[in-house]
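**Q** Could you work out the structure for the sequence below:
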Amino acid sequence: MNLFHAAGGQREGRLVIVGPEKEPDSIAKFALELRGARATWFGSNLGRQVLVGFRPKHVSLTGAKSPVVCAIIYEQLIGAKTLLDAPFGERMICPSTDASTHPTGNEVRLSFDPNPGHIFDVATARASVELQCDIF
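**A** Residues are numbered from 1 along each chain as shown. The predicted structure is shown next:
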């Protein structure tokens, strides 16, 4: 699972999960707008530290609009899919893509499907239910 430190906050009038601003290459480069039960929970817990998790199949190569740019350092063919390793700040992101060749060193832009994401509460080490949000 791809994990990122984050906290609940507000950005442009929206209730969001944002990464720590002290990490310039973090999830802070984009925000996840919260909806449903997660929005209710974070609304009363602004600033609470969490880990946001995305499985490799929910991280994909994308077009030029994504703020998440990484260079591939490793690829592993696993049947009909390829797993890639790409460092992002101090984190390694592992997206899954169709079985194809992605040369080491190539830069890729990544996007996250936020709906199947997971939130883990750092204080209690408990996982919450699936994340319901939109990336903006």
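**Q** Go through this protein and flag its longest strand.
**A** If you go by DSSP state E, the chain has its longest strand at strand 2-11.
**Q** Just list what whichever helix or strand comes after it packs against, helices and strands only.
**A** Following strand 2-11 in sequence order, the next helix or strand is strand 14-18 (DSSP states H and E). Using 3 or more CB pairs under 8 Å, 6 or more residues apart in numbering; DSSP states H and E as the contact criterion, the elements in contact with strand 14-18 are strand 2-11, strand 32-34, helix 36-43. (Each C-beta comes from the backbone N, C-alpha and C, glycine too.)
**Q** So in that sheet, which strands flank the longest strand of the chain, and in what orientation?
**A** According to DSSP bridges, strand 2-11 forms sheet pairs with strand 14-18 (antiparallel), strand 49-54 (antiparallel).
**Q** TSV for those strands, including mean pLDDT and distance to M92?
**A** Listed next are these as TSV, based on pLDDT from 0 to 100; distance: least, CB to CB, whole Å:
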stretch	mean pLDDT	distance to M92
strand 14-18	72	20
strand 49-54	82	13
